[in-house]
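# How does the following fold in three dimensions:
(chains A, B and C)
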Amino acid sequence: MIAFLARRALALVLTLLAATVAIFLLLEVAPGDPALTMMGMNADPEAVEALRRELGLDAPLVTRYATWVLDMAQGDFGTSYTYKTPVSELVAERLAVSAPLTVYALALSTLIAIPAGVFAASRRGRAGDYAVMGLTQAGIATPNFWFAMLLVILFSTVLQLFSAGGFPGWEAGFWAGIKALTLPAVALALPQASILARVMRSALLDAMGEDWMRTARAKGLSRGQAIRRHALRNALIPVLTIIGMQFSFLMAGAIIIENVFFLPGLGRLVFQGVIQQDLIVVKSVVVLLVFAVVLVTLAVDVAYALVDPRLRERRP
Amino acid sequence: MRLGSVRVSSGFVVGAVLTVLFVGAAALSYAWTPWSTEGLSIASRLRPPGGEHWFGTDHFGRDIFSMIMVGARTSITVALVAVAIGAGIGVPLGLAAAAGRGGWLDELVMRFNDLVFAFPALILAILITASLGPGAVNAILAIGIFNIPVFARLTRGAALSLWAREYILAARAAGKGAARISFEHILPNTANLLIVQATIQFSLGILAEVGLSYVGLGAQPPTPSWGRMLAEAQTMIYVAPWFAIFPGLAVALTVLGLNLMGDGLRDALDPRLKGRA
Amino acid sequence: MSLLEIENLTVDIGGHPILRDVSLSIAPGEALGLVGESGSGKSMTALSVMRLLPEGARISGAIRLDGEDLTALSEPAMCRVRGARVGMVFQEPMTALNPLKTIGAQVAEVIRIHRADPDPEAAARRALTRAGLPPQQFPMDRYPHDLSGGQRQRVVIAMAVALRPRLLIADEPTTALDVTTQAVILDLLKTLAREDGAGLMMITHDLAVVADMADRIAIMKDGAVVEAGPTAPLFRAMSHPYTRSLFAASTHRPERDRRPLGEPVLEVREAVRDYALPRRRLFGPRPLFRAVDGVSLAIRSGENVGLVGESGCGKSTLSRAILGLEGLQGGEVSLVGRPFSPAAPAERRRDIQVVFQDPYGSFDPRWKVADLVAEPFHLLRPRPAKAERRARVEAMLEAVGLRAEDAERHPHQFSGGQRQRIAIARALITEPRLVVLDEAVSALDVSVRARILDLLAGLSDRLGVSYLFISHDLHVVRAITDRVLVMKAGKVVEEGETETVFAAPRHPYTSELLAATPDLEAALAAREAATA
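Just a heads-up that it's a prediction; the model follows:
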């Protein structure tokens, strides 16, 4: 199992490195001059040239890439061209909103989806199954930011239960923070819960059709017992994969949802970065998100190995 | 229900009707819309839905029903071309990777897949638009690139299981080369799967395009687009909720239609999967 | 009183009749053999007793276990019967166990759900020991994937007998196993049922197995019992014509002419085939598995050669190398006197063609029979014209016992036996010198198998084609080959004239294989000697 995980970790580190190359090259071709952006359009050309040297922008491509990656490895993400503060500080501040939002949404999605999927599968072909399938079909088709707007219309305009947006900061207290993140998290979780519930249902149906379920019934287990004791854990294997993938969707989705609710998260930061040509910020946030995806992929591999004894010994 | 010799579900029929409706509306919008979407009319701004303007008007007095018809063009074109890019590059890659299973090309395709999948879809789009600038063409590119590994992985997986079939061994014993077997046997037998995946990616593409134009990275003004309508509607959500509701409904129904059609196709083409997710 | 009494059992699923008026009985300590070809309803009879029929099944008649009618029991009451009073063993041991639970937990579960046993693990340990998996050698925390097929079947048997049920049902328990494993598993089932004084319902398609196992036999066809009675008298009398035809088919040997031997069509010299296994350590080298280890063989024109061995012995790997589908790491293959490998020009493949085991996986489901059979024309230079191709396909279809019109149909419109005829037509269309038959009749019912063997024998005599006949089934190999090679662990351990090898094996492994192979005549003789 150690060798299996070590090999997976190695592959992921390589993926991460390849991703930094791709990000670097993509933004290399971007128009605009960071030095000019920082100094303003009317700056003295000589001063701009000096700043460019100071930022290392005149160095060859390979050198600049190596410097960037090595600095990041030491926690130095550079300085924002527009905010003039270290990117790491900016990101850390925004992460305090985005990370809890993603985790909150993932937890909601999983907690809704797994019981719904199990319910539908165990009532296959009956009214309960059709109801769940119909709802999930609608959930998948709904753009999350539009659903967010509907939530705002309903809960903050009509019912006046939640504020329409903004974030009081964690200083205002844990529950105040959670409350501010609730509508965004629900909006984010709905489409993902719909997908996950369908995956859960079909994985459970697959498991229920396996030969060993017949063996379990022949032992004298009732249908419900056989599902709980045998089918559920087997059905978790495909569900884990999807939960891992959803992390990446949720993080990306959070970027849009933050705009709907005016949350000071990574999403707002990255869009401002794009608009203001603050490419160092864009680069850093993207690397960070890719790193998170890679970490979650590894976590899913570990979870696999915990669930499935065959993986503990066998190699990929 | 039956369609020729194939049994289709009622879900498929509903999905097909919705899809035809929206594609038809997009096509019709080139020739006719109830109102012009170009002229501004401050006098008739933010009218609620009624007999004159079925879905109401926006803050410039434009007819929302007509805007939705024209906006359908953008979303459908972007998603369709992105699917074509994904399938056009991904399917041959997947076929080639499976034909040379275990070889360098297979390894390369797999690593490329890993690389693209390491980026959350929207992040990739942000990166591309940050570099190339926002616009419909770059949105197509961003969504299309993400579609490539989806099709490559699906094709490779399906093709790998086919390569182990006895009829492929028989074709090899009949002296057929890998390329010929891929096109004569593998591709036709993965077609069902690919058609279903194409409808799924089409619907995901519409969602992605709407998301991108919502944040300002998709089609730029004056091209009408569903996403930007929603972005503009958001600021007026208290005074003109209809402005937010109808374009969103259009997106949801289009995507629902495509998904229902995809599920129905899958069930019709593969009776073993009947009633699954 | 009978232990199990089935009276006028009739089952239909979604309106399709599955069983018609089946009546059977089993006395305590008695073994009943339920025999029939696929679709005869024998498995459905067993599932009816367990009340585990597919959804939508309607059942009528009575199934009495110790006088209690199981068809009248509620589902919870039935759960108390399953596993405790009736135990069941299934056909496919590889998939019969939950891959995520240890074998100990899976056996202990039976005890846990039926009894308030303070130490279910101890009871599980006893059951596994009885089934031949003593925990000293097979710790209870092993997972199914650690075990071979035969060992997994022992785990399933341990679950079935853990509570010493009154009735043990075994549904084709050894069909998926090698012949030497089959012998020990059958023996184990017999012993355990006798020890517990349980009734045994043994379901099988193999007459030789049933003659050895069962005291009484019921023969089923199309959902009904056509004949039933004590084993030896039933086979001696064979009053029902279906019984007679089944008997004839299982012992069938096609008539063949001995042809004069000609030049060698295939020579394999010192063939070695290695596979790379997954790495054991992070950066360690990938260990090699030698699937074929220095095999040499020759086939001359006019002879049929058999290659027998159990699963994993390397016979299929060898056949792929012979067919030029995979390369060798050592040695060489030569076809009609010239070296042959995956790199050989495609047109040389016309001399060697293949028929596979699976009648359902052998054809592209989208192609018409005409195109399927014509596919190897690709190898001919020049490629025959369209009209000629069509004429040859139709002639070949007629030669294999199909009709010319069948060319226009799709493979799914044919039965398993007919599909195998199409596969043979495809293999013979280029007039090859050698056809590799890789378990080509193994998936067929006995009566279909007998007819395909006749067809193969006739074609080889008529067309002068040689066969390399690969099979795990010694009866079949004996029926159709002139010479035979016995393979074990990648090596040929014995080679010789088929009759000589079968009559007087020299290698101990060959003797073991022959001894393990069920023999109908011998089983009947033993039974008669015991009762006399």
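# And the strands in the stretch 151-300 of chain A, which stretches?
With DSSP state E, counting those that start in this stretch as the definition, the stretch 151-300 of chain A shows no strands.
# What parts of it come near chain B?
Within the stretch 151-300 of chain A, the residues that sit near chain B (Cβ under 8 Å from any Cβ of the partner chain) are A:152-153, A:157, A:198-199, A:201-202, A:205, A:248-249, A:251-253, A:255-256, A:259-260, A:270-271, A:273-275, A:279, A:282, A:286, A:289-290, A:293-294, A:297. Placement of C-beta: from N, CA and C, glycine included.
# List buried residues within the residues you listed.
Using 16 or more other Cβ atoms under 10 Å in any protein chain shown as the burial test, these include A:152-153, A:198-199, A:201-202, A:205, A:248-249, A:251-253, A:255-256, A:259-260, A:270-271, A:273-274, A:279, A:282, A:286, A:289-290, A:293-294, A:297 as buried.
# Tell me how many other residues surround residue 125.
Let's take chain A. Using other Cβ atoms under 10 Å in any protein chain shown, A:Gly125 has 10 neighbouring residues.
# meant chain C actually
C:Arg125 has 20 neighbouring residues, counting by other Cβ under 10 Å.
# and what of C:Glu255?
When neighbours are counted by other Cβ under 10 Å, C:Glu255 comes out with 8.
# closest point of chain C to chain B, which residue?
Going by Cβ to the nearest Cβ, chain B is nearest to C:Ala346 of chain C, at 3.3 Å.
# For that residue, grab the count of nearby residues.
C:Ala346 has 15 neighbours, counted by other Cβ under 10 Å.
# Surely it touches B:Gly175?
Yes: between C:Ala346 and B:Gly175 there is a contact at 3.3 Å, judged by Cβ atoms under 8 Å.
# Show me which residues of chain C are close to chain A?
Residues of chain C lying near chain A (Cβ under 8 Å from any Cβ): C:50, C:52, C:75-76, C:79-84, C:87-88, C:90, C:92, C:95-101, C:109-110, C:113-114, C:143, C:145, C:156, C:159-160, C:278-282.
# Any of the residues you listed buried? List them.
C:50, C:79, C:81-84, C:87-88, C:90, C:92, C:95-101, C:109-110, C:113-114, C:143, C:156, C:159-160.
# Out of the residues of chain C next to chain A, list just those in helices.
Members of the residues of chain C next to chain A lying in helices (criterion: DSSP state H): C:50, C:75-76, C:79-81, C:109-110, C:113-114, C:156, C:159-160.
# For the spatially most central residue of chain C, what is the enclosing helix or strand?
Residue closest to the mean C-alpha point of chain C, counted by Cα atoms, centre = their mean, is C:Thr175 at 5.0 Å. Under DSSP states H and E, no helix or strand contains C:Thr175.
# C:Val484 too?
Using DSSP H and E, C:Val484 falls in strand C:483-488.
# Now find how far off-centre that strand is within its chain.
In terms of Cα atoms, centre = their mean, to the nearest Å, the centre of strand C:483-488 is found 19 Å from the chain centre.
# partners of that strand in the sheet?
Strand C:483-488 pairs in its sheet with strand C:304-308 (parallel), strand C:491-497 (antiparallel), by DSSP bridges.
# Average pLDDT for the shortest one, rounded please.
Read it as strand C:304-308. For strand C:304-308, the mean per-residue pLDDT is 93.
# which other residues reach the next helix or strand after it?
Moving toward the C-terminus from strand C:304-308, the next helix or strand (DSSP H and E) is helix C:315-322. Under the criterion Cβ atoms under 8 Å, 6 or more residues apart in numbering or on different chains, residues B:169, C:266, C:268, C:271, C:273, C:291-292, C:295, C:307-309, C:326-328, C:333, C:352, C:354, C:436, C:438, C:468, C:470, C:487 lie in contact with helix C:315-322.
# Can you list the buried residues in helix C:315-322?
By 16+ other Cβ under 10 Å, the buried positions in helix C:315-322 come out as C:315-322.
# if we can go back for a sec, show me the contacts for the residue of chain C closest to chain B.
C:Ala346 makes contacts with B:175-177, C:378-379, as judged by Cβ under 8 Å, 6+ apart.
# Can you verify C:Pro505 is assigned to a strand?
No: under DSSP: H, G, I helix; E, B strand; the rest coil, C:Pro505 falls outside any strand and is assigned coil.
# Please narrow the residues of the stretch 151-300 of chain A next to chain B to those residing in helices.
For these, membership in helices holds for A:198-199, A:201-202, A:205, A:248-249, A:251-253, A:255-256, A:259-260, A:270-271, A:273-275, A:279, A:282, A:286, A:289-290, A:293-294, A:297, with DSSP H as the criterion.
# tell me which parts of chain B are close to chain C?
Close to chain C, as judged by Cβ under 8 Å from any Cβ, chain B has residues B:165-167, B:169-177, B:185, B:188-189.
# show me where pLDDT drops low in chain B?
Along chain B, segments meeting pLDDT under 70 span B:1-8, B:35, B:39, B:41, B:44, B:46, B:53, B:61, B:270-277.
# Would you enumerate the residues in contact with the residue nearest to the spatial centre of it?
Centroid-nearest residue in chain B: B:Phe202, 1.6 Å away (criterion: Cα atoms, centre = their mean). When contacts are counted by Cβ under 8 Å, 6+ apart, B:Phe202 touches B:79-80, B:83, B:258.
# Distance of it relative to B:Ile148?
Taking Cβ to Cβ, to the nearest Å as the criterion, B:Phe202 is separated from B:Ile148 by 15 Å.
# Check C:Arg269 too.
Relative to B:Ile148, C:Arg269 is positioned 47 Å away (Cβ to Cβ).
# of the buried residues of helix C:315-322, closest to C:His412?
Distance to C:His412 across the buried residues of helix C:315-322 (Cβ to Cβ) is lowest for C:Ser316, with 25.8 Å.
# Look through the stretch 1-150 of chain B and state the residue closest to chain C.
Going by Cβ to the nearest Cβ, chain C is nearest to B:Gly102 of the stretch 1-150 of chain B, at 9.6 Å.
# surely C:Glu92 meets C:Leu177?
No: counting by Cβ under 8 Å, C:Glu92 does not reach C:Leu177; the two are 10.0 Å apart.
# Low-confidence ranges, the stretch 201-316 of chain A, go.
For the stretch 201-316 of chain A, applying pLDDT under 70 flags the ranges A:313-316.
# Tell me the residues of the stretch 251-400 of chain C that contact chain B?
By Cβ under 8 Å from any Cβ, the residues of the stretch 251-400 of chain C that approach chain B are C:320, C:323-325, C:346-347, C:349-350, C:352-354, C:356-358, C:361-366, C:375-376, C:378-379.
# Inside helices: which ones of those?
Going by DSSP H, the helices hold C:Arg320 from these.
# Now, the residues of the stretch 251-400 of chain C next to chain B that are in strands?
Counted as lying in strands by DSSP state E, out of those, are C:352-354.
# Write the PyMOL selection for whichever of the contacts of helix C:315-322 are buried.
Burial among these is assessed by 16+ other Cβ under 10 Å; the matching PyMOL selection reads:
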select buried, (chain B and resi 169) or (chain C and resi 266+268+271+273+291+292+295+307+308+309+326+328+333+352+354+436+438+468+470+487)
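# Mind listing what's buried along the helix or strand that A:Ala11 is a member of?
Using DSSP H and E, A:Ala11 falls within helix A:2-28. Buried positions in helix A:2-28, judged by neighbour count with 16+ other Cβ under 10 Å: A:3-5, A:7-8, A:11-12, A:15-16, A:18-20, A:22-24, A:26-27.
# what sits against whatever residue of chain A ends up closest to chain C?
Closest approach between chain A and chain C, counting by Cβ to the nearest Cβ: A:Gly220, at 3.4 Å. By Cβ under 8 Å, 6+ apart, A:Gly220 lies in contact with C:79-84, C:110, C:113-114.
# Just the C-alpha atoms of stretch C:363-378, please, in PDB.
Below are the C-alpha coordinates for stretch C:363-378, written out as PDB (Å, rounded to 0.1, in the frame of the first residue of the first chain):
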ATOM      1  CA  PHE C 363     -18.600 -11.500 -33.800                       C
ATOM      2  CA  ASP C 364     -18.900  -7.700 -34.200                       C
ATOM      3  CA  PRO C 365     -22.600  -7.400 -33.300                       C
ATOM      4  CA  ARG C 366     -23.100  -4.700 -36.000                       C
ATOM      5  CA  TRP C 367     -21.900  -6.800 -39.000                       C
ATOM      6  CA  LYS C 368     -23.900  -9.100 -41.200                       C
ATOM      7  CA  VAL C 369     -22.900 -12.800 -41.400                       C
ATOM      8  CA  ALA C 370     -21.800 -12.300 -45.000                       C
ATOM      9  CA  ASP C 371     -19.300  -9.600 -44.000                       C
ATOM     10  CA  LEU C 372     -18.200 -11.500 -40.900                       C
ATOM     11  CA  VAL C 373     -17.400 -14.600 -42.800                       C
ATOM     12  CA  ALA C 374     -15.800 -12.600 -45.600                       C
ATOM     13  CA  GLU C 375     -13.500 -10.700 -43.300                       C
ATOM     14  CA  PRO C 376     -10.400 -12.900 -43.800                       C
ATOM     15  CA  PHE C 377     -10.700 -12.400 -47.600                       C
ATOM     16  CA  HIS C 378      -8.700  -9.300 -46.700                       C
END
